[in-house]
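Undergrad: what would the 3D arrangement of this be:
(one chain, ligands or ions: 1)
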Amino acid sequence: MKSYLSSKVEQLKPSGIRRFFDLANSLEGVISLGVGEPDFITPWSICQASIKSIKNGFTSNTEMEGQAELRQEISYYMKSRFQVSYSPSTEIIVTIGGSQALDVSLRTILNPGDEVLIIEPSYVAYGALVSLAGGKPVPIVTSFQNEFKPIPEQIKQSISPRTKAIILCFPNNPTGTLLKKHELEAIADIILENDLLVITDEIYAELTYEEGAFCSIASLKGMRERTILVSGFSKGFAMTGWRLGYICAPEYLTQPMLEIIQHTTLGTSSITQYGAIEALRNGQRYIVEMRNSYRERRNFLVKQLNEMGLHCHLPEGAFYVFPSVRQTGLTSEQFAEKLLTQHKIAVVPGNAFGDSGEGYVRCSYATSMEKLNEAMKRMRQFVETL
Ligand code: PLP
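TA: The predicted structure is shown next:
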């Protein structure tokens, strides 16, 4: 029988994370360091704002680009927290999670065969989204020795006449790496010299552990006009299930993006947008509490992993540690599979994030100290047997 599937879909690789979690879910008593979701539930005042909107009957479609009040709050927030200015009326679009923001951005800018540079190891969806949009993902491999930071020379060498854009994600999933302002400036120079666009995925910006260390590439000289800034509520505000994100970009890009939204999703849920307004107006204190808790867990995990010989850097952001498992003599998948089946700890094999992730595993610390403690005990036992 002929295949009825699109070749773009057929070429998608199954997610290494999903395969692993199917296995983890089939076992009992597993402690998961696998998920990329906050273990906190959404702060109650945010939930209340959405409940109130339902009670008041605010249940109709909003503007496609999101409610004006929410876009205004996003604009204030981005200016006060990250020193970037976007007009609420023309340069901000509310999306279904950071995921839709990435999808719409790529579909807006790519023609068939256009190349997009992706810093690896990378968030699993980037390559797939580029391919679905007709583009070609071009990996830029980083290394443990260089703290998983891209080397400017390497970026230059990866640029071809077909290169359209580069995707940046710092703080990074899966490594937790953050780029400093001068490191972003070096990349910005290359972007300007080669007339590229940049999609900067700043979904973990609030989870930067040193106050003031985060810098948005959009704030650098000459970059605003060529930057698509993607962010959302999932991580910092613990709102994954609300499916709410946003795009900040110049009008020449947002208006075509709205054409796609008009013919696909027509915008996002009105109800969740009310919660998001409350999150931006009064949510900073919750972020501070959650960030402090993540910092404490990060410090614990990094110390434990290094002590047991699984070397890792101190990640400056997000909620992941990316230790090396090379010294155990196992591949990432073998390590993760044995750890899961023998000691009931789920971590994600590093090769799920690209070939350059081989030899590492991703451990998420978006889980309680109690569970982390137990997980580290079991992991130590496992490593001692190797
Ligand atoms: N970008 C990165 C780097 C992520 O890690 C994730 C989720 O894990 C997303 C985007 C998608 O976020 P959302 O849940 O808002 O769609």
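Undergrad: from the ligand, how far out is residue 327?
TA: Remark: distance between residue 327 and the ligand (CB to the nearest ligand atom, to the nearest Å) = 27 Å. To be clear about C-beta, it is placed using only N, CA and C from the backbone, and glycine gets the same treatment.
Undergrad: so that residue sits against residue 305, correct?
TA: No - counting by CB atoms under 8 Å, residue 327 stays clear of residue 305, with 11.9 Å between them.
Undergrad: what does the helix or strand containing residue 130 contact?
TA: Per DSSP states H and E: residue 130 is located in helix 125-132. Residues from elsewhere that reach helix 125-132 (CB atoms under 8 Å, 6 or more residues apart in numbering): 8-9, 11-13, 99, 102-103, 106, 110, 116, 118, 136-137, 139, 167, 169, 354.
Undergrad: need the buried ones from those selected in PyMOL.
TA: This is the PyMOL syntax for the buried subset of the contacts of helix 125-132, where burial follows 16 or more other CB atoms under 10 Å:
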select buried, resi 99+102+103+106+110+116+118+136+137+139+167+169+354
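Undergrad: check contacts around residue 109.
TA: With contact taken as CB under 8 Å, 6+ apart, residue 109 is in contact with 164, 165, 197, 228, 253.
Undergrad: would CSV of the residues you listed with distance to the ligand and secondary structure be doable?
TA: As requested, the contacts of residue 109 are arranged in CSV below (distance: CB to the nearest ligand atom, whole Å; DSSP: H, G, I helix; E, B strand; the rest coil):
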residue, distance to the ligand, secondary structure
164, 20, strand
165, 16, strand
197, 17, strand
228, 13, strand
253, 18, helix
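Undergrad: picking up where we left off before, who touches both of residue 327 and residue 305?
TA: By CB under 8 Å, 6+ apart, the residues touching both residue 327 and residue 305 are residue 311.
Undergrad: picking that back up, contacts with the ligand among the contacts of helix 125-132, please.
TA: With CB under 6 Å from any ligand atom as the criterion, these include 99, 169 near the ligand.
Undergrad: quick check: residue 134 touching residue 114?
TA: Yes - counting by CB under 8 Å, residue 134 touches residue 114, with 7.4 Å between them.
Undergrad: and the strands in the stretch 201-350 of the chain?
TA: 227-232, 245-248, 320-321, 345-346, 348-349 (DSSP state E, counting those that start in this stretch).
Undergrad: partner strands of the third one, with direction?
TA: In this case it means strand 320-321. strand 361-364 (antiparallel) (DSSP bridges).
Undergrad: in the helix or strand that the partner strand is followed by, what's buried?
TA: Counting by DSSP H and E, the element after strand 361-364 in chain order, helix or strand, is helix 369-384. For helix 369-384, a neighbour-count test (16+ other CB under 10 Å) marks 371, 372, 375, 376, 378, 379, 380, 382, 383 as buried.
Undergrad: which ones are touching the residue of the stretch 1-150 of the chain found nearest the ligand?
TA: Across the stretch 1-150 of the chain, the shortest distance to the ligand (CB to the nearest ligand atom) belongs to residue 97, at 2.6 Å. Residue 97 is in contact with 232, 234, 243, 244, 245, counting by CB under 8 Å, 6+ apart.
Undergrad: if I look at residue 65, how far off is residue 170?
TA: Separation of residue 65 from residue 170 (CB to CB, to the nearest Å) stands at 27 Å.
Undergrad: between those two, which is the more surrounded one?
TA: Shown here are residue 65 and residue 170; by other CB atoms under 10 Å, residue 170 has more neighbours (31 against 26).
Undergrad: for the more buried one, what are phi and psi?
TA: When read as degrees, to the nearest 10, the backbone of residue 170 gives phi -140, psi 120.
Undergrad: that one: what's it in contact with?
TA: Going by CB under 8 Å, 6+ apart, residue 170 touches 177, 178, 179, 184, 317.
Undergrad: pull the most distant pair out of those.
TA: By the measure CB to CB, 184 and 317 form the most distant pair in these, at 13.7 Å.
Undergrad: between these two, who's got more neighbours?
TA: Higher neighbour count among residue 184 and residue 317: residue 317, with 26 against 23, using other CB under 10 Å.
Undergrad: circling back to that earlier point, does the helix holding residue 130 reach the ligand?
TA: No - counting by CB under 6 Å from any ligand atom, the ligand is not contacted by helix 125-132; separation bottoms out at 6.8 Å.
Undergrad: beyond that helix, next helix or strand please.
TA: Sequence order places strand 136-141 as the next helix or strand after helix 125-132, per DSSP H and E.
Undergrad: now the angle from that next one to helix 125-132?
TA: Using axes from the mean of the first three to the mean of the last three CA atoms, to 10 degrees, the direction of strand 136-141 lies 150 degrees away from that of helix 125-132.
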